[in-house]
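Engineer: dropping the sequence and predicted coords here.
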There are 2 protein chains.
Amino acid sequence: MSKENKIPQATTKRLPLYYRFIQNFANDGKTRISSKELSEAMKIDPATIRRDFSYFGTLGKKGYGYDVQNLLAFFSDTLNQAEATKVALIGVGNLGNAFLKYNFRKNHNTQIVVAFDSKAPLEGNIVSDIPVYHPDRLEEMYEKYGAELAILTVSSRSAQAMADRLAKMNAKGIMNFTPIRLTVPESMKVMNIDLSVELQALIYLIRNSEH
Amino acid sequence: MSKENKIPQATTKRLPLYYRFIQNFANDGKTRISSKELSEAMKIDPATIRRDFSYFGTLGKKGYGYDVQNLLAFFSDTLNQAEATKVALIGVGNLGNAFLKYNFRKNHNTQIVVAFDSKAPLEGNIVSDIPVYHPDRLEEMYEKYGAELAILTVSSRSAQAMADRLAKMNAKGIMNFTPIRLTVPESMKVMNIDLSVELQALIYLIRNSEH
């Protein structure tokens, strides 16, 4: 799948979204869709959709549109939906707690299997059905529960130290909710989500459109 | 400021991040920085930084780098940091609760001033120092508290109806945490943050780099 290594990150981020909308169309009994219909449902312009799809070869025919079942099979395969991913949550504060309670319930291929918090006892306790351990047991329990990646919702001052420990364990990726830009080995993927930054960007868009 | 209307959304999203890092450099007593130093701190490649900055005219000199105080003044002005933004939170479930507790404390120019939840009584109650009202009073209280934009953390089935009511009130923007793609008037800005989708994109990046 060397071709896919070249697809832009913006396209990558839209893949799960395409998959969800195509599932909706399939559930509604649609057998084929145009990029225009997909565009209207997803609020993404049709040229972007056609360009995104072009990275994956010929998924559609001109004047016909896209076969819903073909797309479904393609995205399911591409996103490895068959293979469940086990996730460790590090930091059970306000946001971490929300993640534990939510735990991707509508997303059957992803699951938080273990959590860590500095206030948890060494022997662990249970929050929202998930075992929570003290970070002293991170290496042991991350491996025991078979976690592949971590959601990082710790304080800024602990973030890099946790990332270093995850790197030593060969964790594959971090979804980073701290405002710290983490230094990690090339082999590790990091996705940064900074809610304050997103909100400020929205405010900037609003203020700027008022001129 | 018509020129700024043309800057790409990806650049816009990085502005608050630049601002924060430049503040850090200023706090450390630095008076000038190169795009390379900024690049290393922010983990963004230097070419991207130079291209981003080029949208705003000559901020730096070749061979000299950027003057930290100049940058600080520029970004502070551009991001309207002087002007506080009042935000309404709609939906006080798990994620909404995390927002109320956090309330952008380190971000003095943004504040959740009022919240709404279908479980709240009509007369309202107080959660984490913020008044929470029943959505029946959305229009009245949104105006009374002077909210300019809304964070939407309601269920999928209420999302579009809430967006319609916000549009009728001429709300300026929505930070949308629901998986629904909202239909809103052109004048309204929407920023979508779908945590499941972000996590799936990270998993895709990991799986894809394993080939």
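Structural biologist: Structure's in. What do you need? Numbers count the residues shown, from 1 in each chain, chains lettered A, B, ... in the order given.
Engineer: go ahead and confirm A:Ala98 touches B:Asn97.
Structural biologist: Yes - using Cβ atoms under 8 Å, A:Ala98 makes contact with B:Asn97 at a distance of 6.9 Å. In short, each C-beta sits where N, CA and C put it, glycine included.
Engineer: can you list the low-confidence ranges for chain A?
Structural biologist: A:1-6, A:58, A:62, A:80-83, A:105-108, A:210-211 (pLDDT under 70).
Engineer: which stretches of it form helices?
Structural biologist: A:9-27, A:35-42, A:46-54, A:68-78, A:94-102, A:138-144, A:156-168, A:195-209 (DSSP state H).
Engineer: A:Asn176 against A:Thr153, yeah?
Structural biologist: No - distance between A:Asn176 and A:Thr153: 9.0 Å, which falls outside the contact criterion (Cβ under 8 Å).
Engineer: what's stretch A:176-195 in contact with?
Structural biologist: Stretch A:176-195 has contacts (Cβ atoms under 8 Å, 6 or more residues apart in numbering or on different chains) with A:95, A:151-156, A:159-160, A:163, A:166-167, A:170-175, A:196-197, B:17, B:20, B:41-43, B:99, B:193, B:195, B:198-199, B:201-202, B:205-206, B:209.
Engineer: who's the residue nearest to the spatial centre of chain A bridged to?
Structural biologist: By Cα atoms, centre = their mean, chain A has its centre lying nearest to A:Met175, at 7.4 Å. Going by DSSP bridges, A:Met175 is paired in beta bridges with A:Ile151, A:Met191.
Engineer: okay, now the domains of chain A?
Structural biologist: A:3-78, A:85-197 (automatic domain parsing).
Engineer: deepest of these, which one?
Structural biologist: Among the domains of chain A, domain A:85-197 has the highest mean neighbour count (mean count of other Cβ atoms under 10 Å in any protein chain shown), at a mean of 18.
Engineer: start and end of that domain, how far apart?
Structural biologist: Domain A:85-197 has its terminal residues 28 Å apart, counting by Cα to Cα, to the nearest Å.
Engineer: what about the residue lying closest to A:Gly60 once chain neighbours are set aside, distance to A:Glu37?
Structural biologist: Spatially, and ignoring its direct neighbours in sequence, A:Gly60 is nearest to A:Tyr66 (4.1 Å; Cβ to Cβ, 6 or more residues apart in numbering or on different chains). As judged by Cβ to Cβ, to the nearest Å, A:Tyr66 and A:Glu37 stand 9 Å apart.
Engineer: and what of A:Val184?
Structural biologist: A:Val184 is 40 Å from A:Glu37, by Cβ to Cβ.
Engineer: same check, this time on A:Ala26
Structural biologist: For A:Ala26, the distance to A:Glu37 - Cβ to Cβ - is 13 Å.
Engineer: before we move on, what about A:Gln160?
Structural biologist: 46 Å.
Engineer: from chain B, how far off is A:Ala41?
Structural biologist: 7 Å (Cβ to the nearest Cβ, to the nearest Å).
Engineer: show me what contacts that residue?
Structural biologist: A:Phe21, A:Asn24, A:Phe25, B:Arg181.
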